[in-house]
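Asks: Quick one, fold the following:
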Amino acid sequence: MAVRTMLIPLFPRAAYFPDFLTPAAGGGGWDSGADAILSTPPDTVLQEVEMLARVSGAPPWAPRLAETETRTEFVRVLRAYYDAVVAPQADHVQATLEAERCLRTRALLTDGIDGLLRSLRPTMRWEPPVLHVTALGDDRDLHLGGRGLLLVPSYFCWGSPVPIADPELPPVVVYSVLDGMPSVERVPPPAAMAALAGVVGRSRAVILHACTAGATTGELARAVGISAPAATQHTSALRDAGLINSRRAANRVLHTLTPLGAALIRADPLAPAAGSRSGVSG
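Replies: Numbering: from 1, shown residues only. Okay, here's the model as predicted:
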């Protein structure tokens, strides 16, 4: 009931919802984000609620969020929703975000800022010096003025990227990690455990360890000393067992560990000894 009456009206799938509900401090964890919501100045809360009312429509009780007691109750509901819905999937969400981080970091290291921004297609389009963001119902220009831009990958942002609406706040664009380059669907646990019977041998153990920091198919082939087609066969088996995720970027596929794969690494008796041929060359 609280989700329908309290949360959904304040987080509509629309052109705007209040910026104070997605504080930058949230990057430091749940407690930091909750504290930031609770400490938002009442004037800021009222301004953003008024904007929500004009742009998307706001529930009649929304102005009471300026009151500490109402905001405390709202944060309590948020926490209950997180514990019931998000926390059970936290490992999978984190693995997906780590894969995204590997993907964008590689684009940055290989081709610089230009390569990173070009890699954001199709949700964003880089035409120097302008990054075109197709935001839901939004048509405006935002001049950075040397402030930089924070890109925030999100597991829960579906469809269009979401820019921070207030031009006075640090420029932020939240975008979906599930659009454009979707991860391979996870195998249900029973199927994953059945498939583990085929995941044996040192080559696959080396591949798993190489995937810890993310590796392309070509890099895995060089790490093990096998052909690219043979590496593809190994990654297919590991992916079917639910041990790795694979994401395509242009003409390359990046492989990263799932939570199940990471757990296997921690208990892996086949871990290559230090100095053995297990590193990934560039």
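
Asks: which of the residues in whichever strand or helix holds Val152 are buried?
Replies: In this assignment (DSSP states H and E), Val152 forms part of strand 150-154. For strand 150-154, burial by neighbour count (16 or more other Cβ atoms under 10 Å) applies to Leu151, Val152, Pro153, Ser154. Any C-beta I mention is one placed from the backbone N, CA and C, and that applies to glycine too.

Asks: Give me the distance between the second one and Leu97.
Replies: Pointing back at Val152 there. Val152 is 10 Å from Leu97, where distance means Cβ to Cβ, to the nearest Å.

Asks: ditto for the last one
Replies: Ser154 sits 8 Å away from Leu97 when distances are taken as Cβ to Cβ.

Asks: which neighbours do these two share?
Replies: Val177 (Cβ atoms under 8 Å, 6 or more residues apart in numbering).

Asks: As a check, name the ranges of all strands in the stretch 101-250 of the chain.
Replies: 124-127, 130-133, 150-154, 162-163, 172-176, 215-216, 244-249 (DSSP state E, counting those that start in this stretch).

Asks: for the ones you listed, which one sits closest to Tyr16?
Replies: strand 162-163 (9.2 Å; Cβ to Cβ).

Asks: coming back round to it: looking at the strands of the stretch 101-250 of the chain, which is buried most?
Replies: With neighbours taken as mean count of other Cβ atoms under 10 Å, these reach their highest mean count in strand 215-216, at a mean of 22.

Asks: which helices and strands does it pack with?
Replies: strand 252-257 (3 or more Cβ pairs under 8 Å, 6 or more residues apart in numbering; DSSP states H and E).

Asks: ok, the strand it packs on: who's next to it in the sheet?
Replies: strand 215-216 (antiparallel), strand 244-249 (antiparallel) (DSSP bridges).

Asks: Walk me through the domains of this protein.
Replies: Following automatic domain parsing, one finds the domains of the chain at 2-89, 91-176, 189-266.

Asks: With mean pLDDT as added columns, please give these in CSV.
Replies: Compiled in CSV, the domains of the chain are given as follows (pLDDT from 0 to 100):
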stretch, mean pLDDT
domain 2-89, 90
domain 91-176, 82
domain 189-266, 80
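
Asks: can you pull out the helices in the stretch 1-150 of the chain?
Replies: 2, 8-10, 30-38, 42-55, 68-81, 90-118 (DSSP state H, counting those that start in this stretch).

Asks: Arg140: which of the ones you listed is closest?
Replies: Taking Cβ to Cβ, helix 42-55 is the member of these nearest to Arg140, at 12.4 Å.

Asks: in that closest one, what counts as buried?
Replies: Going by 16+ other Cβ under 10 Å, helix 42-55 has these buried residues: Val45, Gln47, Glu48, Val49, Met51, Leu52, Val55.

Asks: swap in stretch 24-40?
Replies: Those would be Ala24, Gly26, Gly33, Ala34, Ala36, Ile37, Thr40, for stretch 24-40 by 16+ other Cβ under 10 Å.

Asks: contacting residues around the fourth one?
Replies: What that stands for is Ala34. Val75, Leu78, Arg79.

Asks: Can you get me a residue count around the second one?
Replies: Which is Leu78. If you count neighbours by other Cβ atoms under 10 Å, Leu78 ends up with 20.

Asks: my guess is it contacts Phe11, does it?
Replies: No. In this structure Leu78 lies outside contact range of Phe11 using Cβ atoms under 8 Å: 9.9 Å.

Asks: What's the separation between Ala250 and Thr72?
Replies: Taking Cβ to Cβ as the measure, Ala250 falls 48 Å from Thr72.

Asks: Over to Gly29?
Replies: From Gly29 to Thr72 the distance is 19 Å (Cβ to Cβ).

Asks: same check, this time on Pro42
Replies: Distance from Pro42 to Thr72, by Cβ to Cβ: 13 Å.
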